[in-house]
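1. Sharing a sequence plus its predicted fold:
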Amino acid sequence: MAETSDFKAQPPEGIDAIGASSEGASLYQLIRDDIIEGRLAANERLVVTDLARRHGTSTNPVREALQLLRGEGFVTFFPNRGARVRPIDQDFVRDIYEIGVLIEPALTRWFVNMATVEDIAELERIQGLIEENNFADTFRHSELDTAFHTVMYQRHYNRHAAELWWKHREVLRAVSRRFNFTLARRAAILSEHRELIAHVKAGNANEAGELIARHVEGSGRHILEHMRARNAARAG
């Protein structure tokens, strides 16, 4: 089995994974991780000079990182009050995955009607690697799973839709890495991927679109249930 680093998922062609300078992109990931892990609390004020001092950098990359985080919904800006951390709560996750339920079926139907023999072979290759890993390395699974879906969306003519899908998927990936896959969710992922490949082979665009809607909703609900369980444990 190849090393995990061999399977770093890449965004659809023409879409910048971060869209920032190298220093701004690095700070974006650091601050995003601090928000997700709770080191920066919900509604905490984000002072540019304080963040620059903490990370040993100038203020410009911090401002760049905050704008990126604002674009993904992690940070909110208020007139005369600056930037604050947006709560990473169930509403935040629900809003993102519900947008995916609306967008991804359309992207999938288009792909089914345009798929080539090479596309199907690539889906089967990646799915084989997903099954070989069998969730033993969750980071590896996340990279491979993202690569699987990118095959379907990377050539779509609507680059705005493809970019929105990528950004939202990266947000959900970042949030979900705190949680383990349940046995039921593992089984659903593997079976739905195989069913999706079968629909692509058969040219069943509508059936594939309906399946991907269930697939995305299942993923979102899986994260929400973990969040509910965690919150209940904290409250108990």
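-> On my side now, so go ahead.
2. C-alpha only now, for contacts and for neighbours.
-> Fine.
3. What residue in this structure is the furthest from its centre?
-> No residue in the chain has its C-alpha farther from the mean C-alpha position than N80, which lies at 31.9 Å (CA atoms, centre = their mean).
4. Residues contacting the lowest-mean-pLDDT helix or strand in the chain, please?
-> Using mean pLDDT, DSSP states H and E, helix 22-36 stands out as the lowest-scoring helix or strand of the chain, at a mean of 86. With contacts defined as CA atoms under 8 Å, 6 or more residues apart in numbering, helix 22-36 is touched by 18-19, 40-42, 55, 61-62, 64-66, 68-69, 74, 85, 88, 174-175.
5. Ok, stretch 177-185 next?
-> Contacts for stretch 177-185 (CA under 8 Å, 6+ apart): F139, G218, S219, H222, I223, H226.
6. average pLDDT for that stretch?
-> Averaged over stretch 177-185, pLDDT sits at 93.
7. Do me a favour and get the end-to-end distance for that stretch?
-> For stretch 177-185, the separation between the terminal residues is 14 Å (CA to CA, to the nearest Å).
8. ok so, going back, what's the average pLDDT for the helix or strand just after the least confident helix or strand of the chain?
-> Moving toward the C-terminus from helix 22-36, the next helix or strand (DSSP states H and E) is strand 45-46. For strand 45-46, mean pLDDT is 94.
9. What pairs with strand 45-46, parallel or antiparallel?
-> In the sheet, strand 45-46 lines up against strand 82-85 (antiparallel) (DSSP bridges).
10. sorry, back to before: the contacts of helix 22-36 in helices, which ones?
-> H55, P61, V62, E64, A65, L66, L68, L69, A174, V175 (DSSP state H).
11. what two of those are the furthest from one another?
-> P61 and V175 (23.5 Å; CA to CA).
12. Separate out the buried members of the ones in helices among the contacts of helix 22-36.
-> P61, V62, E64, A65, L66, L68, L69, A174, V175 (16 or more other CA atoms under 10 Å).
13. Helices of the chain, residue ranges please.
-> Taking DSSP H, the helices of the chain run over residues 22-36, 48-55, 59-71, 90-114, 117-133, 138-153, 159-176, 183-202, 205-235.
14. JSON lines for those, including distance to P11?
-> Below are the helices of the chain laid out as JSON lines (distance: least, CA to CA, whole Å):
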{"stretch": "helix 22-36", "distance to P11": "15"}
{"stretch": "helix 48-55", "distance to P11": "27"}
{"stretch": "helix 59-71", "distance to P11": "16"}
{"stretch": "helix 90-114", "distance to P11": "15"}
{"stretch": "helix 117-133", "distance to P11": "16"}
{"stretch": "helix 138-153", "distance to P11": "7"}
{"stretch": "helix 159-176", "distance to P11": "6"}
{"stretch": "helix 183-202", "distance to P11": "20"}
{"stretch": "helix 205-235", "distance to P11": "18"}
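15. Compare the ones you listed and give me the one nearest Q10.
-> Short answer: helix 138-153, nearest of the helices of the chain by CA to CA, at 7.1 Å.
16. which outside residues touch that closest one?
-> For helix 138-153, the external contacting residues (CA under 8 Å, 6+ apart) are 4, 7-12, 107-108, 111, 119, 122-123, 126-127, 129-130, 133-135, 162, 173, 177.
17. which among those residues end up buried?
-> When the contacts of helix 138-153 are checked for burial by 16+ other CA under 10 Å, the buried set is 7, 9, 11-12, 107-108, 111, 119, 123, 126-127, 129-130, 162, 173.
18. so what pLDDT did the spatially most central residue of the chain get?
-> Central residue of the chain (CA atoms, centre = their mean): R169, 2.1 Å from the mean position. What the model reports for R169 is a pLDDT of 90.
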